[in-house]
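> no sequence for this one, just the structure:
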């Protein structure tokens, strides 16, 4: 695996949650810089060194509600 993709969403209670696509990895943090560190740590804990992805991609989504 050369890269792993995460979908990042704002959590209803504040902060951010990240879920990996194609792997059972989930993490959360209060800020994006903290989330970056959490995602890196989660990926390093999940994969053996020889199977470690070289890139981590974050797809950050945000929901907006507009009044009609």
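Thanks, I have the structure now. It should be emphasised that the depicted structure is a prediction, and the values quoted were computed from it without experimental measurement.
> where is the longest strand in this structure?
Looking across the chain with DSSP state E, the single longest strand is strand 3-10.
> what average pLDDT does that strand get?
Averaging pLDDT along strand 3-10 gives 97.
> renumber starting at 51 from here on
With the count now opening at 51, the last piece we talked about shows up as strand 53-60.
> which SS state does the residue minimising distance to the centre of the chain fall under?
Most central in the chain under C-alpha atoms, centre = their mean is residue 68, positioned 3.2 Å from the mean C-alpha point. State at residue 68, reduced to three classes by DSSP: H, G, I helix; E, B strand; the rest coil: strand.
> list the contacts for it?
Taking C-beta atoms under 8 Å, 6 or more residues apart in numbering, we find residue 68 in contact with 56, 57, 58, 76, 77, 78, 85, 88, 89, 108. (Glycine included, C-beta is placed from N, CA and C.)
> run through the bridge partners of it.
On the basis of DSSP bridges, residue 68 is bridged to residue 58, residue 77.
> what does residue 106 give?
With DSSP bridges applied, residue 106 shows beta-bridge pairing to residue 54.
> what's the spacing between the residue lying farthest from the centre of the chain and residue 68?
Distance to the chain centre peaks in the chain at residue 118, reaching 32.3 Å (criterion: C-alpha atoms, centre = their mean). For residue 118, the distance to residue 68 equals 32 Å [C-beta to C-beta, to the nearest Å].
> also residue 106?
From residue 106 to residue 68 the distance is 10 Å (C-beta to C-beta).
> pLDDT below threshold where in the protein?
51 (pLDDT under 70).
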